[in-house]
Each structure stands twice: as C-alpha cells, then as structure tokens.
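Trainee: Need coordinates for the following:
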Amino acid sequence: MFGEFIGLVAVCLIFSLPIFAVWAEHKRKLTEMQMRMGTGIDQNLRSELEAMKNEIRSLRDTTTQFDISFDTALQRVDLRMSELERNSISPKSGEQQTYTIGNR
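Mentor: Sure thing, here's the model as predicted:
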C-alpha cells in the first residue's frame, strides 16, 4: 500500500518541480517589470515634490520679508508714540499746560 503512494508522490514531485520553477521565474519577471515601471512614477513624484519644496521655500522667504517689514513698521510706530507721549507729558521749560475736562 505504501509503495503505491510513494510512486505517486515521486511522480507528483518530479512533474511539480518544473512547474514551480516556471511559476517562480514568471513571478520574478513580473516583479522586475513592476519595479521598472514604479521607478518612472517615482521619478515624476520626485520632480513634483522638488517643485513643491521650492515653492514652499519661496513662500517662506516672502512671509519672512513681510514679517520683518511689519516688525520694522511697528517699531517706528512705537518710537513715534513714545516721542508723542514724552512731549505731551513733560512740558518744555517755561510753558504751562492747560487741561480741559468736560465742557467747562
């Protein structure tokens, strides 16, 4: 009884090994083709990503310039306000300030 199964298993192994080899070669070629096609897509994605990085870098530079400009303008306004406050609080020598409260 085991002799019949051993013969059957041997025949199945003999014929299945070439089929497995053909299948493995096909799988390898398929994977190789997918990798080649994927590289082209990756290259396009890389160029798009690089373009986006450059655009973000440009926007960052622009916002930094606007921020510096705005900060400079605020400093000038602050200096002007300080000068006005200093002039209005401390009168020049010999001058008398008059304050009006309400309608009197």
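
Trainee: any idea how far Ala51 lies from Met35?
Mentor: Separation of Ala51 from Met35 (C-beta to C-beta, to the nearest Å): 25 Å. In short, each C-beta sits where N, CA and C put it, glycine included.

Trainee: got it, and Lys29?
Mentor: Distance from Lys29 to Met35, by C-beta to C-beta: 11 Å.

Trainee: just Phe70 next, same as before
Mentor: For Phe70 relative to Met35 (C-beta to C-beta), the value is 51 Å.

Trainee: ditto for Glu25
Mentor: Glu25 is 16 Å from Met35, by C-beta to C-beta.

Trainee: try Glu4
Mentor: For Glu4, the distance to Met35 equals 46 Å [C-beta to C-beta].

Trainee: Give me the neighbour count for Leu84.
Mentor: 10 (other C-beta atoms under 10 Å).

Trainee: quick one: the strands in this structure?
Mentor: Applying DSSP state E to the chain gives no strands.

Trainee: Low-confidence ranges, it, go.
Mentor: Low-confidence segments of the chain (pLDDT under 70): 1-2, 39-41, 90-99, 104.

Trainee: all helices in it, in order from the N-terminus.
Mentor: 2-89 (DSSP state H).

Trainee: most centrally placed residue in it?
Mentor: Centroid check for the chain by C-alpha atoms, centre = their mean gives Lys53 as the closest residue, at 7.3 Å.

Trainee: quick one: that one from Asp42, how far?
Mentor: The gap separating Lys53 from Asp42 is 16 Å, by C-beta to C-beta.

Trainee: Thanks again, I'm all set now.
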